[in-house]
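> I need the structure of the sequence given here:
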Amino acid sequence: MAEDRFEIVEQRDLHVGMRDGVRLATNVFLPGRAGEVAAGRFPTVLARTPYGKDFGVIATLHRRFTPRGYAFVVQDVRGRYGSEGRWRPLSDDGDDGVDLLAWIAAQPWSDGKVGTIGTSYVGGTQHALALKGSPHLAAMVPVDAMSNPGQFGIRHAGAFEMRWLNWVLQLGNPNLHALNQVGERTDEVRSADGTPTGAWTLPLGGVATPAENWELRDRLASREAAIARVGGDAAARAELKAMGERSREFARALPLAAGATPLRHAPDYEAWLLAAMTHGDNDAWWAGMGVDVAANAAAYQDIPVLHVTGAYDSWGGPVANLNFPALTAAKRSRQRLLFGPWTHGQQAMSYAGMAEFGPDAAIDLRAEELRWFDRWLKGEPNGAEADPPVRVFVMGAGDAHRTPEGRVFVGGRWRDEPAWPIARAAETAFFLQAGGGLSTAPPGVAAPTRYRFDPRDPVPSIGGAVSSQGDLMQAGAQDQRQRRELWPCTTDAPLSNRPDVLVFQTEPLAADLEVIGPLVVKLWASSDGPDTDFTAKLVDVYPSNPDFPDGLALNIGDSIVRARYRNSLAQVEMLEPNRPYEFAIELYPTALVFQKGHRVRVDISSSNFPRFDVNPNTGEPLGANTAWRVAENAVFHDPAHPSRLLLPVMPA
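Numbering: from 1, shown residues only. Got it, this is the predicted structure:
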């Protein structure tokens, strides 16, 4: 089918009524001929977004779908931008999605079939819809999608992912600061007849056409309208616009109190953030968001779903380890997992942080979506149903040279698999040893390794599976050396030099070690207080080479467990001081070859800030502590308490 088969006919700023009378702002793009809607009925591709239907990538997606014979619909979710109602993150998106699909199916241009797309929150709206169910929903491609937020992604094994502080401080728009910069530019040039001329440089890099930038300038009014919706007078709106630049200040001021930030001008946002930061129990409050996929797989609509995520994505664990296996087991319709080496939403990139994987790592996500929808919405015999259930990019095997951009060449390759987790990957225990060793030999008799955890001096985060982090931290793979320019580091020393970071590593590997799948650390540990945190980070230690004479220590995955939730995320159980407990720390999955000569390393500590909030060690209610205490923590590595890293090792 030729790309220019159809023109695009736009119907912008429609207001579609929901069952309760609230109207949601909607744009519709239809296949056209000679400026009119083409005859016939067409399948629809839908995205429902909190980020504004009129700007960003989502505002241009119709250009890939509509010329190919798809109607494309994009809608502002309830309470955001042009839509009426109050914003309650994802909680209304199931019912609203069902109502919108009924409206679409009733239109004269619709054939009644709808496929959904979108990343992150926009992926969460898809899950909410599928959990409610609609006879018109025919296929989905949720990318890096929000789900199971009381378990991972917002709360994380009881801790709070600090990127959400930044997300809400920017009114849920990670690009708010960049858009502010765009909005302040005044150097566009128009010819005498008003046509934009010349080129215009974007503040985030790259060059766009004047028409595109003028269009973006015009669309800024919708962002201003969104701020006006939640704010009061002009002074309040100015505070709301500026607060995203103060995320470090607010992060250091935890716990937050009602009225302590400009969010007091946006009470719905403030109320949600405070609840998310204080509500550690994974119970009905989180279930009310309506996107607990793994816990409700039986209720999920039985439709083909292409799950897309990455090793450094903030939702990689829920997507690969929870949603895909649960729906594969519960549904007859095709479920497929595409697992790359990417950070959040960066499927077109060949790198993550300072790790370069080569051009094959980048994919054309739109082409993947089109192939999926051509098969399941149009019925085209393109073979999508016969594609292997899992396609995974295995990082590693590169020569570790320094690229022109200053990254390390990690390399990697794609491979197809029949399932996830991969059945032939053998769970292999690497035991923590006294003195900092890590090996497959069981530990000997030894005293525990002790350290002091001062919550007022947390271990800085360097890289990780994060999104919406703003200037709080970096994303992706990063060398685990502190840098003074990286907040909140105050030195240039390696993290491993800190006395509150316990390092356990193998000898240099005698052969390549291929690891694909879920990662878990079973840690025996104790604390002298009623509550604390334990963190684990898997690290690939590179030997010295001419380009990196000091070697490298690249983070592969990390996680945390809040001790009070060690047995159940739904119920608090405080610690008995100085009693050893076994903690399961679930890292997000990976696909990596630890190369010959490298070391496998696991770092154990009790903080990873600002990746996660810091435990004050007092046992007080979450987000309401009035004091901080230094915890005396201990890690055990003896025959009765065999702390270990569990790796899914592929056969040689």
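
> where does this structure dip in pLDDT?
Applying pLDDT under 70 to the chain picks out residues 1-4, 172-232.

> so which residue is dead centre in it?
By Cα atoms, centre = their mean, the mean C-alpha position of the chain lies nearest to Ser314, the distance being 2.6 Å.

> skipping adjacent residues, who's closest to that one in space?
Ser467 (4.2 Å; Cβ to Cβ, 6 or more residues apart in numbering). Placement of C-beta: from N, CA and C, glycine included.

> count the residues that sit near that neighbour.
23 (other Cβ atoms under 10 Å).

> Gly383 now?
Gly383, neighbours per other Cβ under 10 Å, totals 9.

> from Met140, how far off is the residue lying closest to Ile303 once chain neighbours are set aside?
Once flanking residues are discounted, Ile303 sits nearest to Ser333: 5.2 Å by Cβ to Cβ, 6+ apart. Distance from Ser333 to Met140, counting by Cβ to Cβ, to the nearest Å: 10 Å.

> so what's in contact with the two at the same time?
Counting by Cβ atoms under 8 Å, 6 or more residues apart in numbering, the shared contacts of Ser333 and Met140 are Ile303, Pro304, Val305.

> in strands, which of those appear?
Secondary structure defined by DSSP state E assigns Val305 of the shared contacts of Ser333 and Met140 to strands.

> got a winner among the shared contacts of Ser333 and Met140 for most neighbours?
When neighbours are counted by other Cβ under 10 Å, Val305 leads the shared contacts of Ser333 and Met140 with 30 neighbours.

> Val305 is in contact with Leu137, isn't it?
No: if you go by Cβ atoms under 8 Å, Val305 and Leu137 don't touch, sitting 10.4 Å apart.

> so what sits against both of these two?
Counting by Cβ under 8 Å, 6+ apart, the contacts common to Val305 and Leu137 are Ala130.

> so for Ser333 and Met140, which residue has more residues nearby?
Set side by side, Ser333 and Met140 show more neighbours around Met140, with 26 against 15, by other Cβ under 10 Å.

> do you know how far the more buried one is from Asp374?
In terms of Cβ to Cβ, Met140 sits 15 Å off from Asp374.

> which SSE is Leu100 in?
Here Leu100 sits within helix 93-105, counting by DSSP states H and E.

> oh sorry, the question was meant for Asn567
Element membership for Asn567, per DSSP H and E: none, as it lies in no helix or strand.

> distance of it relative to Ala584?
Using Cβ to Cβ, we find Asn567 at a distance of 10 Å from Ala584.

> swap in Gly280?
Distance from Gly280 to Ala584, by Cβ to Cβ: 17 Å.

> buried residues in stretch 254-269?
Buried residues in stretch 254-269, counted by 16 or more other Cβ atoms under 10 Å: Leu254, Pro255, Leu256, Thr261, Pro262, Leu263, His265, Ala266, Tyr269.

> for stretch 588-602, that is, sorry about that
Buried positions in stretch 588-602, judged by neighbour count with 16+ other Cβ under 10 Å: 588-595, 598-602.

> now, those that are in strands?
Among the buried residues of stretch 588-602, the members falling in strands (DSSP E) are Tyr588, Pro589, Thr590, Ala591, Leu592, Val593, Phe594, Arg599, Val600, Arg601, Val602.

> which one of those is nearest Gln474?
Closest approach between these and Gln474, by Cβ to Cβ: Tyr588, at 16.4 Å.

> how about the nearest residue to that closest one, chain neighbours excluded?
Among residues not flanking Tyr588 along the chain, Gly317 sits closest, at 3.9 Å (Cβ to Cβ, 6+ apart).

> any idea how far Glu514 is from the residue nearest to Ser314?
27 Å.

> what of Phe431?
Applying Cβ to Cβ to Phe431 and Glu514 gives a distance of 20 Å.

> repeat that for Asp364.
Using Cβ to Cβ, one gets 27 Å for the distance from Asp364 to Glu514.

> neighbour count: those two, which is higher?
Glu514 (20 against 12).

> Met650 versus that one, what's the distance?
Applying Cβ to Cβ, the value for Glu514 to Met650 is 4 Å.

> same deal with Gly396?
Going from Gly396 to Met650 by Cβ to Cβ gives 12 Å.

> just checking, Met18 touches Asp95?
Yes: counting by Cβ under 8 Å, Asp95 is a contact partner of Met18 at 7.3 Å.
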